[in-house]
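Asks: I would like the atomic coordinates for the input below:
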Amino acid sequence: MNGITQKRTISQKGERPELPAPRVIFQKLESSTEAKSVPLWQLKPHMQSHIFPMTDHIFQSLTGDIEQRGLLEPIVVNAEHVIFSGHKRIAAVQHLGWKTIPVIYCDYSSGEVLPLIKFNVSAHGADYVTRMRIYETCSPRLLQKGLLPQEFIEKLAAGTGLLARDIQEDREQFLSEEREITVTELKEVWGYRSDRIRINILDSARGTIVQVRSRNFETESGPGNPKEVMRDSYRKACSGLFHHSQRDFAVIGEKITNLRTEMGISQYALAEYLGVSQSYLAECERGRYRSCEDVLVSLQRLIADMAGDA
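Replies: Now for the predicted structure:
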């Protein structure tokens, strides 16, 4: 399967547009190793996929590899089509123009985080920066002072696929009173947003301020003690608060436009359906707002309802 199909023709005015295939509903879902082909529009990103961000380098490398060799492994999703393994591959095949993709269904609930982590750690490993994101997301207690039983670390290792030794060493390194976060480390941990990230350290009457800037993004920590301000900026980068780049939103906005157009839905009609202004929807389609994610989910539900009524 090369995954590439001809672009679907848009229906003429007054005709009902061609509808995507209806979603597969499982009466009794069990883990399965049988791959099924589903439309890309049905797939939904996991809410914690930011732990394993897509850099421009990874995106270009993965896109080129899939274009030459095809997709070597299916995507892993649950019954609601939430992605547990393969969100980077999906971004690549969307760029290549694929309309469907093979998936394997698992029986995890959409809110489970550990399966997402274990899938990705098993496939790609996890460097120090990625491990810090994992701790911030599923076990912030690990990065807090105080005694922790060894069973806590071993349980975390079993759930995430990380080595207990690495977890223990990461905790000791992060909590070390002597250790200071360097500018190089900040650039590395913020680097998933842009290859052109800039770190500015300013001295003010109230203390140190750390500014993090790229073309479409800016945040700062402080003022305060230099060591604590640097650590605060580091923890922000590891959290999920800033994981989307402007390119991510632009991709989502483009997907909204393409889906809406293919289904023959006008921008005005979709805005009416969502209860928002047309100008606001237009900004979402340009990738200007984080809420474009919610718009995409609502549009996918509308399309699914249309398919069910067909």
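Asks: all contacts plus neighbour counts: C-alpha atoms, from now on.
Replies: Will do.
Asks: just the strands in the protein please.
Replies: Using DSSP state E, the strands of the chain run over 36-39, 75-77, 83-85, 100-105, 198-204, 207-214, 217-224.
Asks: list of residues touching the third one?
Replies: Going back to what we said before, that points to strand 83-85. With CA atoms under 8 Å, 6 or more residues apart in numbering as the contact definition, strand 83-85 has outside contacts at 43-46, 75-78, 115-116, 119-120.
Asks: go again using 10 Å as the cut-off
Replies: With CA atoms under 10 Å, 6 or more residues apart in numbering as the test, strand 83-85 has contacts from 43-49, 73-78, 90, 103-106, 108, 110, 112-120, 123.
Asks: parallel or antiparallel, which strands does that strand pair with?
Replies: Strand pairing for strand 83-85, determined by DSSP bridges: strand 75-77 (antiparallel).
Asks: who touches the strand it pairs with?
Replies: For strand 75-77, the surrounding residues in contact (CA under 10 Å, 6+ apart) are 33, 35-37, 43-46, 82-87, 89-90, 101-110, 116, 119.
Asks: for the record, mean pLDDT for that strand?
Replies: On average, the pLDDT along strand 75-77 is 91.
Asks: do stretch 85-97 as well
Replies: Across stretch 85-97, the average pLDDT comes to 88.
Asks: give the buried residues for that stretch.
Replies: Within stretch 85-97, the residues scored as buried using 16 or more other CA atoms under 10 Å are 85-94.
Asks: can I get it as CSV, trimmed to CA atoms?
Replies: In CSV, the C-alpha atoms belonging to stretch 85-97 read as follows (Å, rounded to 0.1, in the frame of the first residue of the first chain):
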residue,chain,number,x,y,z
SER,A,85,1.8,5.2,18.9
GLY,A,86,2.6,7.0,15.7
HIS,A,87,1.6,10.6,16.0
LYS,A,88,4.8,11.7,14.3
ARG,A,89,4.3,9.2,11.4
ILE,A,90,0.7,10.6,11.0
ALA,A,91,2.0,14.1,10.6
ALA,A,92,4.4,12.8,7.9
VAL,A,93,1.8,10.9,5.9
GLN,A,94,-0.6,13.9,6.1
HIS,A,95,2.1,16.0,4.5
LEU,A,96,2.6,13.3,1.8
GLY,A,97,-1.1,13.4,1.0
